[in-house]
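Chemist: quick check, what structure comes out for this input:
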Amino acid sequence: MGIPEPGSYMPLKDLKMEIKDVEGRGANGGFTLSFWLYLNCATPLPSTVLLQKHPDNAFSAPFLILDEWNGIMLFPLFFLHQEASSPSNALCWKPIPSASNKSRFPLMKWVHIDCEISQVSLRLHIDGEIVGERQLLTSSPINSGSHSDVSEMVSHCCIQGNDGGLQGYVYGVELFSQLSSIQNHSLKDSPLQLSIDSSSACEIDEGVDGVWNIVGGKASCRKKFSLDVMLLDALGRPVNKEVEVAATLVYADTITPVEKSSDAEAPLLTMYDGVESASAERPSKLIQGRASFKLKISQLSSKCSNRLFRIKFDVQKMGRYPFLEAFSMPIRCVSRNRPARSSSVTWRKSPPSIHSFNRPQSPGLDAGSSDVLYNIIHEAKQSPSSKRIKLGQERSLPVLMDGCMLKEANLDSKSHARTTTNEDNAAACTNGVLERADSHDDEVEDFSSDSENSEAADSVPCKFSAHIGPISDLVIFRYCIGGLSERCLLLKEIALAYEEEALCSFSEQVSLFTGCTHHRRQILISKRLIDIGIKCWNLISKNSQNVLWEDLVSELQDHFMTLTFCRTRCLTKQDFEVLRRVAGCQDTTVSQENFEKMWCWLYPVAFTLSQKQINPLWSSLSPKWIEGFITKEEAESSLQQEGPGGGLMPPGTFILRFPISRSWPHPDAGTLLVTYVGTDYTIHHRILSHDYAYSTKEMMDRPIQEMLLDEPELSRLGRSVRRQ
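Modeler: Prediction:
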């Protein structure tokens, strides 16, 4: 018993402090008691938090209590104050003057308390602010002795925690002279607490009764859901500690672990790299104060007498404390064939790169939204082009050594025409990254490079019955080893047959087994790409096999402006000429095959331009950060100086463009490229990674234009020269 060591926690009942230990205490006996308090659960009120005792008296009196309304009260001290309790009124504290706060004292939360005691007043501080103060009626102590005698008698008093059933913990307990700064003591050190980030909840149905309805049971039926937990200090700041958080399924009423299902499967499963494991065997590491969980429940409430569950998260290596545990809302685990409750609300966090087209037209996505992640290059996995990736051995592709947000891109327009296995999968997003193309002079933009899509783009499959459950391993394998045309056909069928949840899982599996996360973006946008493309073609063609180019232009213009949320800029004649060449149109008519080839290039571009960070680049007219749809040859020509001397523009001159030869489902379709003059007076092409650019809050507040100009290789925006 005593005062907890710095950085450690102590049960409230074990706390004991002697006032004589206060350094610098004045002759008047004044001091301040400072500590963090965590009350675990409600108790019958009123309830004493701290008691004061004196060795010369056989009785104790309250020092700090919770009243019947859960307010907190600070009482006078023995011998120092005439109004303090005496043996005759030790059990009756209501008539005793006190410094009190009538607001309800929070439970299950760390609160900083300062009890400031002087001979003439009491002050109660909560979280650094005075919430109660009481001037005492007299400054004369009960004992009529000198001030030194008073100080001596007060020094024998002790304050200790109540062991009468109030469950709580204390942290950072200090006794110091009243001259010290209370504010500094409340800020210099704070305890930790584990909590669930409710904004991270994904694929959870919450009923009107607050119960989460989650689909579980057999492997073929159960549904994956996501939750994040955060380790925060008492001031709400993330704490970066190298610890692991474990998840356990418990009964909501008894907090005891749920038994295994009838087939001896763990009741709670966690997903890592597409592999299911018992959650108890795979805790999640904290990264920047946050641990993410993808979970499934194998046990049904109906198999457990219809009892409700909770998910318990805890940090076991830091000790078993209630504040290092976090519990979900009560969960009712139901089978998939159980009808959904009409009164429930589904928590869905948009999976990465899924675009919402039912939002109002605006210059970009909703301000402040963090639900949509825009992956261009930052999450690419690095792997040898001729070797398969072993599970668990993939390495994240690093950003440039100097931490830049630009990455070298291999723009060989024929690189995706090969049909080898992993070399196909990662050619554009691994081999060329951080490498300069072998010969920029020999590279020519090839508008026929999408010709291998012709077989895949003959027609969109008509109707598929909706499938329930995950996509089979065989389909995943076929997609991973297939060429671009086979992937295109396969992805069309999958997108029309499955819901977005299955596509999200499918994208994770493909990214894992190919070693390239760029595939994720193309898979996730596939459903809307196809759905909107079909509607667009039906609207333009009016059931005709061919349409006039002029008729297509006007309708396509409206669709593009709607998709990009930009009504201030439309496509130019030169832009449509590029689209025409991408589509492979030889005359004034456009077939469905031509339209699909063009749409597979245009939709990923529109998706990129709709993003909050990129949209201002497209909307800007002075200067034009993105001139329009320009070819690689036009970009390189624009970086040449005019006049008889020729030569390149000064190093650092750059132009933003989209790769013309990259069409969906190529991993780099719709990515934004930077073509610039390097310090070696050669032209480089790099992929813009705005995932990296907006990886911190400080960077989120800066426009991407500023960050581009902060890049060491970039200094000024060039002007594109368009072919007439």
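Chemist: mind naming the longest helix for this protein?
Modeler: Longest helix in the chain, counting residues (DSSP state H): helix 592-609.
Chemist: from I287, how far off is the residue lying closest to P283 once chain neighbours are set aside?
Modeler: Spatial nearest neighbour of P283, chain neighbours left out: E244 (3.8 Å); criterion: CB to CB, 6 or more residues apart in numbering. In this view, the C-beta of every residue, glycine as well, is placed from N, C-alpha and C. Remark: distance between E244 and I287 (CB to CB, to the nearest Å) = 11 Å.
Chemist: the more surrounded of these two?
Modeler: Comparing E244 with I287 by neighbour count (other CB atoms under 10 Å), the higher total belongs to E244, at 14 against 11.
Chemist: pull the contacting residues for W625.
Modeler: Contact analysis of W625 by CB atoms under 8 Å, 6 or more residues apart in numbering lists P616, L617, W618, L656, Q705, L717.
Chemist: put the buried members of those residues into a PyMOL selection.
Modeler: Of these, the buried ones go into a single PyMOL selection, burial set by 16 or more other CB atoms under 10 Å:
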select buried, resi 617+618+656+717
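Chemist: which one of the contacts of W625 is nearest S541?
Modeler: Minimum distance to S541 across the contacts of W625 is 27.9 Å, recorded for W618 (CB to CB).
Chemist: so which helix or strand takes in the closest one?
Modeler: According to DSSP states H and E, W618 maps onto helix 615-619.
Chemist: so what touches that helix?
Modeler: With CB under 8 Å, 6+ apart as the test, helix 615-619 has contacts from 363-365, 564-566, 568-569, 609, 625-626, 656, 672, 703-705.
Chemist: so for that helix, what's the average pLDDT?
Modeler: What helix 615-619 shows for mean pLDDT is 89.
Chemist: so who does the closest residue in space to A266 that isn't next to it in sequence touch?
Modeler: With sequence-adjacent residues excluded and distances taken as CB to CB, 6+ apart, A266 is closest to A278, at 3.5 Å. Going by CB under 8 Å, 6+ apart, A278 touches A266, L268, L269, T270.
Chemist: who's A278 bridged to?
Modeler: Per DSSP bridges, the residues bridged to A278 are L269.
Chemist: quick one: it from S298, how far?
Modeler: In terms of CB to CB, A278 sits 10 Å off from S298.
Chemist: list the residues that contact both of the two?
Modeler: Common neighbours of A278 and S298 (CB under 8 Å, 6+ apart) are A266, L268, L269.
Chemist: isn't the last one up against V275?
Modeler: To tie it back to what came earlier, the one meant is L269. No. Applying CB atoms under 8 Å, one finds L269 not in contact with V275, separated by 9.9 Å.
Chemist: which of those two has more residues huddled nearby?
Modeler: Higher neighbour count among L269 and V275: L269, with 24 against 12, using other CB under 10 Å.
Chemist: what about the helices in the stretch 551-700 of the chain?
Modeler: 573-583, 592-609, 615-619, 632-638, 690-693, 697-700 (DSSP state H, counting those that start in this stretch).
Chemist: would a markdown table of those with distance to P283 be doable?
Modeler: Formatted as a markdown table, the helices of the stretch 551-700 of the chain follow (distance: least, CB to CB, whole Å):
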| stretch | distance to P283 |
| --- | --- |
| helix 573-583 | 49 |
| helix 592-609 | 36 |
| helix 615-619 | 40 |
| helix 632-638 | 48 |
| helix 690-693 | 27 |
| helix 697-700 | 27 |
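Chemist: thinking again about what came up before, from the shared contacts of A278 and S298, which is closest to K597?
Modeler: Top of the list for closeness to K597, among the shared contacts of A278 and S298 and by CB to CB, is L269 at 42.7 Å.
Chemist: please name the residues that touch that closest one.
Modeler: For L269, counting by CB under 8 Å, 6+ apart, the contacting residues are E276, S277, A278, S279, L295, K296, I297, S298.
Chemist: for the chain, where's the lowest mean pLDDT among helices and strands?
Modeler: Using mean pLDDT, DSSP states H and E, the weakest-scoring helix or strand in the chain turns out to be strand 395-396, at a mean of 29.
Chemist: other SSEs contacting the helix or strand containing L503?
Modeler: Following DSSP H and E, one finds L503 within helix 500-514. Packing partners of helix 500-514 (3 or more CB pairs under 8 Å, 6 or more residues apart in numbering; DSSP states H and E): helix 422-426, helix 473-481, helix 484-497, helix 518-524, helix 526-541.
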